[in-house]
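*Asks:* Provided below are the primary sequence and the corresponding predicted coordinates.
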Amino acid sequence: MGKLDIIEAKGTERLKRGFAKMVKGGVIMDVTNAEQARIAEEAGAVSVMALHRVPADIRKAGGVARMAPIEKIQEIMDAVTIPVMAKVRIGHVAEARILEALGVDMIDESEVLTPSDPYFHIDKREFKVPFVCGDRNLGEAVRRIWEGAAMIRTKGEAGTGNIVEAVRHVRLLNDNIALLQRMTDEQVYGVAEKFAEPYLRLAFEVREISGLPKQVLESEPVYGHYTYREIVEGLYKVLLEIKKLGRLPVVNFAAGGVATPADAALMMQMGMDGVFVGSGIFKSSNPPKMARAIVEAVNHWDEPDVLAEISKDIGEPMHGQEIEQLEVRLEERGV
Amino acid sequence: MVRVGVIGLQGDVSEHIDAAKRTLENLGVSGEVIWLRRKEQLEGISAIIIPGGESTTISRLMVENGLLEPVRKLGEEGLPIMGTCAGLIMLSKEVIGATPEQKFLALLDVRVNRNAYGRQVDSFEAPVKLAFSDEPFIGVFIRAPRIVELLSDRVKPIAWLGDRVVGVEQDNIIGLEFHPELTDDTRVHEYFLRKAL
């Protein structure tokens, strides 16, 4: 047998989206130290999200929420064998490069942290490490996928233990996909033009400051080296793929407000590929039990009798919050 | 009729279901491919695929769903079973880097090292040489386990990366470090499912 030359390719789209496929049907848990990470792993989490504080505590603390301390992320990476994810601020390319160098398995460009760029998200195609991004609707999902996100999750409203916003985001997404499937390709192109508008905000603001009309040149880069037309074409391609598949072309998880096994099962019933649980585990009265119960609920989402059994004797879930009474709406960050 | 079950507890289950369906079509065989979660579904099964995913999670859920022992018994009785990545770990006799609670099927006489290739940034694609085909195959290695030792003569190499073994066969059992289900190429699935015909 002849020897093959080994030509390796790293950081390809297939590898990045493929990594996300390996966590499907699983639960990704927020953890803030090695001990919590081990509890998550033992409970059957497919991955952990390494954080300085869980979202509920980020809310309480106020101030600027940044990438977690490196030694904290390292401590968690050393503690478990499952993949470790970590968050960067929206648009913070430097934090993302640091986490990539550190070797985290996936980066969450997250609205839970204080955004660093008022105009743009990171161009994730430039990275070898895969990214997950939050969305509230199809427009946000399509923009993030075009920018190279290998995985999408609902934004929900993190740290509230209130599932209503995650449900809203799934409904908005699913209904929009159904609508897309009833459209002609020409109409879809119109949607792509609408979805490309947020990329013009910086260019328009500059025009306004300069006393010029809100117009951009066809040849003018508006996001990285991309012109408005190139962005529209790119979003159109993503939209056509979604129209064909009847779902997002990347793995799609629920996040933001999942607090009980029933919440997790609800998200699976709505067609999600898996769930992130932030504050819901380590803000409950019995984290190991809650963690195990949520893992099982994701597995048995369509079996009510099993769900009833799973939901027994799991202690108090985290204390929840009404969305209307929140001072800060994290979901509104980064469109 | 062929009835293929993909262990559907966690991981890239739908990718394997699609690949197996395409394979049956290519082979011109009538059959069905099922999402297998409960032990009652093992009734009348002709072949089983264990997908990629997180081996700690899959192991835990196979035990909890009462699938581990019945699947091991079927494997010992000669039922064709293929595992990719985490599936390979599940099939292996010895696993380096396993967590203390992890349980395995132990149907393949190999020692594997879990996550031996490193973290996700070290994941790679590279052409793999197959024992049953002249053309190279795209090997997709994602936080892959590494086959570090073949523990008996019963286990035969069927895939190589350079001169290193990345896929093995032991009679009815196949274990691969890489993910054929993440490509459009059905040659590996064809080779496997022929065992069930």
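*Replies:* Yes, it's here.
*Asks:* Pull the number of nearby residues for residue 75.
*Replies:* If you meant another chain, say so; for now it's chain A. 16 (other Cβ atoms under 10 Å in any protein chain shown). Where you see a C-beta, it was placed from the backbone N, CA and C, and this is true even at glycine.
*Asks:* try again with chain B
*Replies:* 21.
*Asks:* what residues are up against the residue most central in space within chain B?
*Replies:* With distances taken as Cα atoms, centre = their mean, B:G83 lies nearest the centre of chain B, 1.0 Å away. Applying Cβ atoms under 8 Å, 6 or more residues apart in numbering or on different chains, we find B:G83 in contact with B:I49, B:I50, B:I89, B:M90, B:L91, B:I174, B:G175, B:L176.
*Asks:* just curious, which of the residues you listed is nearest to chain A?
*Replies:* Comparing these against chain A with Cβ to the nearest Cβ places B:I89 closest, at 10.9 Å.
*Asks:* any idea how far chain A is from B:F141?
*Replies:* B:F141 sits 8 Å away from chain A, going by Cβ to the nearest Cβ, to the nearest Å.
*Asks:* Quick check: phi and psi on that residue?
*Replies:* phi -110, psi 110 (degrees, to the nearest 10).
*Asks:* Who are the contact partners of it?
*Replies:* B:Y117, B:S123, B:F124, B:E125, B:A126, B:V166, B:E177, B:F178, B:H179.
*Asks:* one more time with 7 Å
*Replies:* Shown in contact with B:F141 (Cβ atoms under 7 Å, 6 or more residues apart in numbering or on different chains): B:Y117, B:S123, B:F124, B:E177, B:F178.
*Asks:* Then A:E111?
*Replies:* Here A:E111 is in contact with A:I90, A:G134, A:K155, A:L330, A:E331, A:R333, A:G334 (Cβ under 7 Å, 6+ apart).
*Asks:* Output those residues in CSV; the columns should cover neighbour count, pLDDT and secondary structure.
*Replies:* Formatted as CSV, the contacts of A:E111 follow (neighbours: other Cβ atoms under 10 Å in any protein chain shown; pLDDT from 0 to 100; DSSP: H, G, I helix; E, B strand; the rest coil):
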residue, neighbour count, pLDDT, secondary structure
A:I90, 23, 98, coil
A:G134, 29, 98, strand
A:K155, 27, 97, coil
A:L330, 26, 94, helix
A:E331, 25, 93, helix
A:R333, 18, 94, coil
A:G334, 26, 93, coil
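*Asks:* list the helices and strands the helix or strand containing B:M62 packs on?
*Replies:* Using DSSP states H and E, B:M62 sits in helix B:55-64. Applying 3 or more Cβ pairs under 7 Å, 6 or more residues apart in numbering or on different chains; DSSP states H and E, one finds that helix B:55-64 makes contact with helix B:86-91.
*Asks:* elements contacting the helix it packs on?
*Replies:* Secondary-structure packing of helix B:86-91 (3+ Cβ pairs under 7 Å, 6+ apart): strand B:47-50, helix B:55-64, strand B:81-84, strand B:108-113, strand B:173-176.
*Asks:* Show me what from chain B comes close to chain A.
*Replies:* B:9-13, B:15, B:52-54, B:56-57, B:60-61, B:97, B:99, B:101, B:114-115, B:119-121, B:123-127, B:129, B:136, B:140, B:142-143, B:161-163, B:179, B:182 (Cβ under 7 Å from any Cβ of the partner chain).
*Asks:* Pull out the buried residues from these.
*Replies:* Neighbour-count burial (16 or more other Cβ atoms under 10 Å in any protein chain shown) applied to the residues of chain B next to chain A gives B:9-13, B:15, B:52-54, B:56-57, B:60-61, B:99, B:114-115, B:119-121, B:123-127, B:129, B:140, B:142-143, B:161, B:179, B:182.
*Asks:* show me what contacts the residue in the stretch 101-250 of chain A positioned nearest to chain B?
*Replies:* Closest contact between the stretch 101-250 of chain A and chain B, by Cβ to the nearest Cβ, is at A:D105 (3.9 Å). By Cβ under 7 Å, 6+ apart, the residues touching A:D105 are A:F19, A:P83, A:V84, A:M85, B:R119, B:Q120.
*Asks:* close enough to count as contact, the first one and B:Q120?
*Replies:* Yes - taking contacts as Cβ atoms under 7 Å, A:F19 lies within contact range of B:Q120: 5.3 Å.
*Asks:* Find the residues that touch each one of those two.
*Replies:* What both A:F19 and B:Q120 touch, as defined by Cβ under 7 Å, 6+ apart, is the set A:D105, A:M106, A:P130.
*Asks:* Can you tell me, leaving aside adjacent residues, what's nearest to the second one?
*Replies:* To tie it back to what came earlier, the one meant is A:M106. A:M85 (4.4 Å; Cβ to Cβ, 6 or more residues apart in numbering or on different chains).
*Asks:* what mean pLDDT does whichever strand or helix holds the one you found have?
*Replies:* Here A:M85, judged by DSSP H and E, is contained in strand A:84-89. Averaging pLDDT along strand A:84-89 yields 98.
*Asks:* what does stretch A:258-267 give?
*Replies:* The model assigns stretch A:258-267 a mean pLDDT of 98.
*Asks:* residues in contact with A:A40?
*Replies:* A:A40 makes contacts with A:M29, A:V31, A:V48, A:A291, as judged by Cβ under 7 Å, 6+ apart.
*Asks:* for A:V54, same thing?
*Replies:* A:V54 sits in contact with A:D30, A:T32, A:G278, A:S279, A:F282, A:K283, where contact means Cβ under 7 Å, 6+ apart.
*Asks:* try A:R207
*Replies:* A:P213, A:K214.
*Asks:* For it, report the pLDDT, please.
*Replies:* At A:R207, pLDDT is 97.
*Asks:* picking up where we left off before, same list, the helices and strands packed on helix B:86-91, but as a markdown table with distance to B:E25 and mean pLDDT please.
*Replies:* Below are the helices and strands packed on helix B:86-91 laid out as a markdown table (distance: least, Cβ to Cβ, whole Å; pLDDT from 0 to 100):
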| stretch | distance to B:E25 | mean pLDDT |
| --- | --- | --- |
| strand B:47-50 | 16 | 98 |
| helix B:55-64 | 27 | 95 |
| strand B:81-84 | 18 | 98 |
| strand B:108-113 | 28 | 98 |
| strand B:173-176 | 20 | 98 |
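*Asks:* which stretch among these comes nearest A:P115?
*Replies:* Minimum separation from A:P115 across the helices and strands packed on helix B:86-91 (Cβ to Cβ) falls at helix B:55-64, 32.5 Å.
*Asks:* Residues touching the closest one, excluding its own?
*Replies:* Here helix B:55-64 makes contact (Cβ under 7 Å, 6+ apart) with A:26, A:41, A:44, A:46, A:81-82, A:299, B:9-11, B:68, B:86, B:89-90, B:99, B:102-104, B:114.
*Asks:* Mind checking which of those land in helices?
*Replies:* Under the assignment DSSP state H, the contacts of helix B:55-64 contribute A:E41, A:N299, B:L68, B:A86, B:I89, B:M90 to helices.
*Asks:* Count the neighbours of A:E218 for me.
*Replies:* By other Cβ under 10 Å, neighbour count at A:E218 equals 8.
*Asks:* Spell out the secondary structure type for it.
*Replies:* Per DSSP: H, G, I helix; E, B strand; the rest coil, the secondary structure class of A:E218 is coil.
*Asks:* Hmm, it is touching A:V232, no?
*Replies:* No - in this structure A:E218 lies outside contact range of A:V232 using Cβ under 7 Å: 11.0 Å.
*Asks:* Report the separation between the nearest residue to A:D117 once chain neighbours are set aside and A:R333.
*Replies:* In space, and not counting its chain neighbours, A:D117 is closest to A:G91: 2.5 Å by Cβ to Cβ, 6+ apart. As for A:G91, its distance to A:R333 is 10 Å (criterion: Cβ to Cβ, to the nearest Å).
*Asks:* Model confidence at residue 129, what's the number?
*Replies:* As the question left the chain open, I've gone with chain A. pLDDT at A:V129 comes out at 98.
*Asks:* sorry, should have said chain B
*Replies:* 97.
*Asks:* And for A:D5?
*Replies:* If you check A:D5, the pLDDT there is 54.
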